[in-house]
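Student: Here is my input; please provide its structure:
(chains A and B)
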Amino acid sequence: MTSALATSLVLAGCSSSSESTTKTTEGSKIVLEFWNGFTGPDGNDMKKIVDEFNKSQAGKVEVKTQTMKWDQFYDKIRTVVNSGNAPDVAVMHLDQMPRMASKGLLTPLDELIKDAGLKKEDFIPQVWEAGMWDGKRYSVPLDVHPIALYYNADLFKKEGIEKPPTTLEEFVSTAKKLTKDTDGDGKIDQWGFGMPTLWPSQLMYYSAIRQNGGESVSADGMTALYNDDKGVKALQTLVDLIYKDKISPEKIQQDGEVTLFKQGKLGMTINGIWMINGFKEQQGLNVAAAPIPQFGDTKATWAGSHNFVVPKQKKEDPAKVKAAAEFINYVTSNSLAWAKAGQIPAKNSVRDSADFKALKEQSAIAEQVPYLVFPPASPTYVDVWVPAEQGVNKALLGQMQPKQALDEAKDKGEKAAKAAK
Amino acid sequence: MQSKTNLVKPAKPLRIKRPGESRWTTLFYIGPHLFFFILFLVLPTLYGIYLSLHDWDLLRPAEFVGFENYTDIFFNTESIDYIEFWNAFWNTIKFVVFAVPCLIIVPLILALAIDTKTWGSSFFRALFYAPSLLSVVTAVLIWVWILDSNAGLVNFYVSKFGVDNIPWLTDMPWAWIALVAITVWWTIGRNMILFLAGLQDIREELLEAAKIDGAGRLKRFWHIVLPSLRGPMLFALVMTTIESFNVFGQPNVATAGGPGTETKTLIMYIREAAFGNYRMGDAAAMAIVMGAFLVVVSVVQFVIMKRKEG
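Tutor: Numbers count the residues shown, from 1 in each chain, chains lettered A, B, ... in the order given. Have a look, this model is predicted:
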């Protein structure tokens, strides 16, 4: 998962690569086709793990990876399952799984995981639970990727701030200390925080709803709940950071806060764990990571998750499915290389290892694991939720009151869910 | 006026039938194009019409629903497409109304300037054409950088004049201004080359004669240059209008349709319905409504331009 920008760059109608999949079992060797969307540097990390697996199998099983952009992946997966050319195993985002499962694209894994020795106790419980749809298991988590608070350690030192803030009050007062006019021209040129108006503001908003004890969408994915008191309060808090507390520039454009943070003009920014390496590579920026501050009564942090799934075949080959389960087990157990790419392994044994703890930023962000929250599993969740993102945008631009923006979003979202059903 | 126009009109070439020329020769020439025209335009259009009468999610068999997808767009105020399609439709119209005049007038002025053939004109011709060679993503990303509200070059200079940071890509009306400016910068080359070619076809004698008769620069432009450019102008106008209706890359990359959905255009919404929500039938119906509207607009443009000529 990179940023929304990256996915939005993929323009329509350019998926033309061939689908001549090699479905043969070469001799006694089982060949598995593995699809994923890791087109960034993370693709290399995944490749390393796959190569190790192939080596360990010594010619019994061979996994062949096909990587494509996520947009293409989701466009294609439907058609290939339909035409009987589905890959044997694939990775997809957790929030897409219910939609795919409800359309019969995925194989239930309940029996398989028992045989392969994959069990709940070994994984982060919330993300393990989230892999269920309609009482059946359809996916096995590889990682979780929550949002995190990044801060400029040099600026913190300069202002005498000792530790990153954990509550709303601390957050605002810390940010106020960092917000100042450094060159004396009467205009603020160093900000405590950059509140995005587009992506990833919706991830912050979702976290804030859950921190206030609310929920985004009903469990059946048909009713919007984000416009209730808790949801409105959550959005009001984010709006206030800009217009009341004045700790963030107004009307930041897409990724504008990332640019400012990299330039050393922002004290703090909130973004996904996948930004780690980009920030660390930035010259002159001394970045550190921490859990996001708590804006409500409880702790909660939005996270996404990459999940293994087994797409449905026209004719199921038990040997292949078994090999796929072994492969899934292997990758989840050997996901340290994956953690280095900027992810938190879903498997406890990897997260508890000394090697993972040595990854300073990753392990700091992993402190949020006990209270990570995932949106309810429903095929129409996305339809109801997306208008809320647009409402959040309008409220953060100061064009609409939070309540009004969210009411409008609810109306649109529920209509969209009806159309999708 | 009338006679002048006729003067510059090229004479119709005589068609001489050569020996051995038959119906097959004709077919041989148009055949390859016809083949691809049918394969990539006629068949998909027919398939689109078929799809627009069905509900299809790419997986389950398509279900025939008659004109429901169309009535949703036009009459069903409770449907999401009614809200979003018309929002996107008016956004697109706004873009067309703002962008097309700029995309005609600016290249025309540049072409006139370059046609003076003073020092460096071929350099400037290449320079203005260069952005057209970039892909839309590259072109737009350059501007996203330049227009960055807090760290961008434009606001850096704007702030020198004591003006507050302008939210070029996040707020109204700046987002439209930015999108039109990006589009002009990116696509200026094609129309400019068209006009340049048209200008070079104007016969010197005409301008000389007008000059001798005492016509000033402006008069020569209005009565000789502009009427002579009718052909390229019609082509540029129709093509630019169609392209502006199909605007997708610029708002998709620069504003993501924001603020809210105020710069979300038709193609953006149709793509979202098709590949985001897998509502192929609804998307096909919307695409066909949009296509039909474009046909009407193009025909009107043709008729108006032709009538002026007649």
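
Student: what are the ranges of the helices in the stretch 151-300 of chain A?
Tutor: Taking DSSP state H, counting those that start in this stretch as the test, the helices found in the stretch 151-300 of chain A are A:153-158, A:168-178, A:201-211, A:229-243, A:256-262, A:276-281.

Student: Just the residues contacting the fourth one, thanks.
Tutor: It stands for helix A:229-243. Taking contacts as CB atoms under 8 Å, 6 or more residues apart in numbering or on different chains, the residues outside helix A:229-243 that touch it are A:168, A:172, A:175, A:193, A:195, A:201, A:204-205, A:208-209, A:211-214, A:216, A:225, A:247-250, A:295-296, A:391-392, A:395-396, A:398, A:402-403, A:405-406. Using the backbone N, CA and C atoms, a C-beta is placed for each residue, glycine as well.

Student: cool, the last one as well?
Tutor: For helix A:276-281, the surrounding residues in contact (CB under 8 Å, 6+ apart) are A:Pro41, A:Tyr150, A:Phe261, A:Lys262, A:Leu285, A:Val287, A:Ala289, A:Ala341, A:Gly342, A:Glu361, A:Gln362, A:Ile365.

Student: What about the fifth one? Give its phi and psi, please.
Tutor: Think A:Leu285. phi -110, psi 120 (degrees, to the nearest 10).

Student: how about it, what does it touch?
Tutor: Shown here is A:Leu285, whose contacts under the criterion CB under 8 Å, 6+ apart are A:Asn152, A:Phe261, A:Lys262, A:Gly264, A:Phe279.

Student: thought the fourth one was touching A:Asn152?
Tutor: When you say that, I think you mean A:Gly264. Yes. Between A:Gly264 and A:Asn152 there is a contact at 6.2 Å, judged by CB atoms under 8 Å.

Student: Is the residue positioned nearest the centre of chain A bridged to anything, and to what?
Tutor: A centroid search over chain A (CA atoms, centre = their mean) returns A:Gly304, at 2.9 Å, as the residue closest to the centre. With DSSP bridges applied, A:Gly304 shows beta-bridge pairing to A:His145.

Student: Also A:Val61?
Tutor: The residues listed as beta-bridge partners of A:Val61 by DSSP bridges are A:Ile30.

Student: Low-confidence ranges, the stretch 1-150 of chain B, go.
Tutor: Applying pLDDT under 70 to the predicted model, the residue ranges of the stretch 1-150 of chain B that meet it are B:1-21.

Student: Tell me who's in contact with B:Ala283.
Tutor: By CB under 8 Å, 6+ apart, the neighbours of B:Ala283 are B:Ile270, B:Arg271, B:Ala273, B:Ala274.

Student: Strands - which of the residues you listed land there?
Tutor: Among those, none falls in strands (DSSP state E).

Student: Which pair of the residues you listed spans the longest distance?
Tutor: Maximum pairwise distance in the contacts of B:Ala283, criterion CB to CB, is 7.4 Å, between B:Arg271 and B:Ala273.

Student: Which one's more surrounded, the two?
Tutor: Between B:Arg271 and B:Ala273, counted using other CB atoms under 10 Å in any protein chain shown, B:Ala273 has the larger neighbour count: 26 against 18.

Student: so what's the more buried one closest to, chain neighbours aside?
Tutor: In space, B:Ala273 comes closest to B:Ala283 once its chain neighbours are excluded; the distance is 4.2 Å by CB to CB, 6 or more residues apart in numbering or on different chains.

Student: Which pLDDT does the model give that neighbour?
Tutor: At B:Ala283, the model reports a pLDDT of 96.

Student: before we move on, what about A:Lys403?
Tutor: The score at A:Lys403 is 97. That number is its pLDDT.

Student: Same question for A:Leu118.
Tutor: Model confidence at A:Leu118, expressed as pLDDT, equals 88.

Student: cool, and A:Pro318?
Tutor: Per-residue confidence (pLDDT) for A:Pro318: 89.

Student: any idea how far it is from chain B?
Tutor: Between A:Pro318 and chain B the computed distance is 25 Å (CB to the nearest CB, to the nearest Å).

Student: next one: A:Gly37
Tutor: Taking CB to the nearest CB as the measure, A:Gly37 and chain B are separated by 15 Å.

Student: give me every residue that touches that residue.
Tutor: A:Thr67, A:Met68, A:Lys69, A:Trp70, A:Gln72, A:Phe73, A:Val91, A:Met92.

Student: Name the nearest residue to A:Tyr381, ignoring sequence neighbours.
Tutor: A:Gly221 (4.6 Å).

Student: Next: A:Ser335.
Tutor: A:Pro345 (4.2 Å).

Student: ok, now B:Ala287?
Tutor: The shortest distance from B:Ala287 to any residue other than its chain neighbours is 5.4 Å, reached at B:Ile270 (CB to CB, 6+ apart).

Student: go on, A:Lys177?
Tutor: Closest residue to A:Lys177 apart from its sequence neighbours, by CB to CB, 6+ apart: A:Glu159 at 4.9 Å.

Student: State the distance from the one you found to chain B.
Tutor: Taking CB to the nearest CB as the criterion, A:Glu159 is separated from chain B by 20 Å.

Student: Look up phi and psi at that residue.
Tutor: phi -90, psi 0.

Student: In terms of pLDDT, where does it sit?
Tutor: With respect to pLDDT, A:Glu159 has a value of 93.

Student: now the one 4 residues further on
Tutor: According to the predicted model, the pLDDT of A:Lys163 comes to 94.

Student: can you list the residues of the stretch 1-150 of chain B near chain A?
Tutor: Remark: the part of the stretch 1-150 of chain B in contact with chain A comprises B:57-60, B:72, B:78-81, B:83-84, B:136-137, B:144, B:147-150, using CB under 8 Å from any CB of the partner chain.

Student: Mind doing that once more with 6 Å?
Tutor: When proximity is defined as CB under 6 Å from any CB of the partner chain, the stretch 1-150 of chain B approaches chain A at B:Leu58, B:Leu59, B:Ile80, B:Val137, B:Asp148, B:Ser149, B:Asn150.

Student: just the strands in chain B please.
Tutor: With DSSP E as the criterion, chain B has strands at B:54-55, B:63-64.

Student: Can you give the domain ranges for chain A?
Tutor: Domain segmentation of chain A under automatic domain parsing yields A:6-142+A:305-373, A:146-303+A:380-420.
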